[in-house]
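Trainee: predicted coordinates and the sequence they were generated for:
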Amino acid sequence: MLPKQCDLLALPFSLSSPRPPPPLQSATARLDLELRLLLSSLPAPFSPSESDAEAADDIAAVARVMVAAGYGAECVKAFRSLRRAAFDDALARLLGPDAQVQKLDPGLLDLRARSWFAAAPAAVRRLFAGERALCDRVFAAPDAAAIRDPIFADVAGPAAARLLSFPGAAAARARRCPEKLFSILDLYGALSDLWPEIDSLFPSSSSSAAAAAAGDSLLRLAEAARSLIGDFEAAIQGEASRSPVPGGGVHPMTGYVMNYLVLLSDYNAALADIYADLPLQIPTPLPDSIFDSSSISSPSSSSNSEDSTLSARMAWLILVLLCKLDKKAECYREESVARHSVKARRYAESYERIGWGPVAAAIPAATATAAEAAEWMRLFNAAAEAALRAQESAVVADEAMRAAIRANVAGMVVPAYHAFYQRCREVMGPRRPWRRCSSPPRM
């Protein structure tokens, strides 16, 4: 700690104080060297810990004496040059060496963006905030208020502008594909979270370049996000495939879109901010009429049984997908997952009844004669083979639903067929050749 006598020499803080007489100039030069040594020994980021705070107080004391002796300009010049060097070195350790975004290939640009995303919060909240605290502590005198912001802007402003302009430049150079939207939204969210600290650290016009760079990056990121979402919408609308997936399975585009929307729901706050100036109508939960199907209420109708099973399958496939989306999607929050699950189960039961009910209905409750047994066996085999042909390509994408349908179909057909088989053996004799029914189809 420097002697307290330094404070006794302090005069009002002014960079234009008169110079001391020649005999004292050598002493002032010694103070300049002491200031540079103290500044060189102070690490970046500055921390208000006991050791750093003591060093900052020593720097403040030397600065007051130099200004009072008429060496204010030299004091500020030394502070600016040495602290900027320490600041730039600390920022390079966080982010790596500077590189022009225009010269980076897409792979390196993605790597650089991930590095920025991880390091920017520490840079703003520790490095920038620490340097601001150091400037405020060294130039704490009320009459030094006019130079605190310019000094901080000279030390941290250029590096801050480079740091905060990177997201916008990266957005302009990013590949235009839907998957890039998530990295754009990550950068937007990180920069938005840092905006209050940036606005607090760089409040005045003298340091507005950094705040302006942050604001410009936010605008460019928002524009890039809206453009990519528009591209995604156009890609969906331009999907050329119109043929249904065999067996009523989930179309690859449907699964892709639903997974994309589920991931997008994690960025609700960022998207709300990006589209804040654009009026959007939030959709209401899907009306029940979308899932109404008069055909599934009449499973006995044979003319459209294939369409009926397909309608039932598509209805509960949509509901299963909505169940997965429901946990995150805002517009479906009132429609609980439990309610969607009940609907999906109901449509799955309709599919089971329509697709496999005729097979179960072909099993008689009783068999009197050998001729009746043979006829019932023929009818059962015909119904089973027809169902197998119709359902062998059926696809159930949801694993839990698939297992439940297989178990239910087996429970509907196998026990009744086993009892029927035993009765036929009793009536027709054990040596009669039998045609066994194949197991239910793989779904």
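Mentor: Okay, I see it. Residues are numbered from 1 along each chain as shown.

Trainee: domain map for the protein?
Mentor: Annotated domains of the chain cover 5-237, 252-428 [automatic domain parsing].

Trainee: where does the stretch 101-250 of the chain have low pLDDT?
Mentor: 101-105, 204-207, 242, 244-250 (pLDDT under 70).

Trainee: for the domains of the chain, which one sits closest to S243?
Mentor: domain 252-428 (11.9 Å; C-beta to C-beta). From N, CA and C alone the C-beta is placed, and that goes for glycine too.

Trainee: where along the stretch 101-250 of the chain do the helices fall?
Mentor: 106-122, 129-138, 145-173, 180-201, 208-237 (DSSP state H, counting those that start in this stretch).

Trainee: should've said the stretch 251-400 of the chain
Mentor: 252-264, 268-274, 305-326, 337-361, 370-391, 399-428.

Trainee: can you add distance to W116 and give the ones you listed back as CSV?
Mentor: CSV is the format used below for the helices of the stretch 251-400 of the chain (distance: least, C-beta to C-beta, whole Å):
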stretch, distance to W116
helix 252-264, 21
helix 268-274, 16
helix 305-326, 31
helix 337-361, 37
helix 370-391, 53
helix 399-428, 39
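
Trainee: nearest to G70, of these?
Mentor: Across these, closest to G70 is helix 268-274 (C-beta to C-beta), at 51.6 Å.

Trainee: any idea of the mean pLDDT for the closest one?
Mentor: Confidence for helix 268-274, expressed as mean pLDDT, is 88.

Trainee: what does stretch 419-436 give?
Mentor: For stretch 419-436, the per-residue pLDDT averages 68.

Trainee: how many neighbours does D89 have?
Mentor: 11 (other C-beta atoms under 10 Å).

Trainee: can you tell me how far it is from Y267?
Mentor: For D89, the distance to Y267 equals 35 Å [C-beta to C-beta, to the nearest Å].

Trainee: cool, and G215?
Mentor: From G215 to Y267 the distance is 20 Å (C-beta to C-beta).

Trainee: equivalent analysis for A390, please.
Mentor: Distance from A390 to Y267, by C-beta to C-beta: 43 Å.

Trainee: repeat for A55
Mentor: In terms of C-beta to C-beta, A55 sits 43 Å off from Y267.

Trainee: residues touching the spatially closest residue to A159 that is not a sequence neighbour, list them.
Mentor: Nearest in space to A159, with sequence neighbours left out and distances taken as C-beta to C-beta, 6 or more residues apart in numbering, is L91 at 5.2 Å. Counting by C-beta atoms under 8 Å, 6 or more residues apart in numbering, L91 makes contact with A123, L127, A159, L163.

Trainee: just give the nearest non-adjacent residue to the second one, would you?
Mentor: If the residues on either side of it in the chain are set aside, L127 comes closest to P45, at 4.3 Å by C-beta to C-beta, 6+ apart.

Trainee: assess the claim that that neighbour and R93 are in contact.
Mentor: No. Using C-beta atoms under 8 Å, P45 is not in contact with R93, being 10.4 Å away.

Trainee: fine by me, we can end here.
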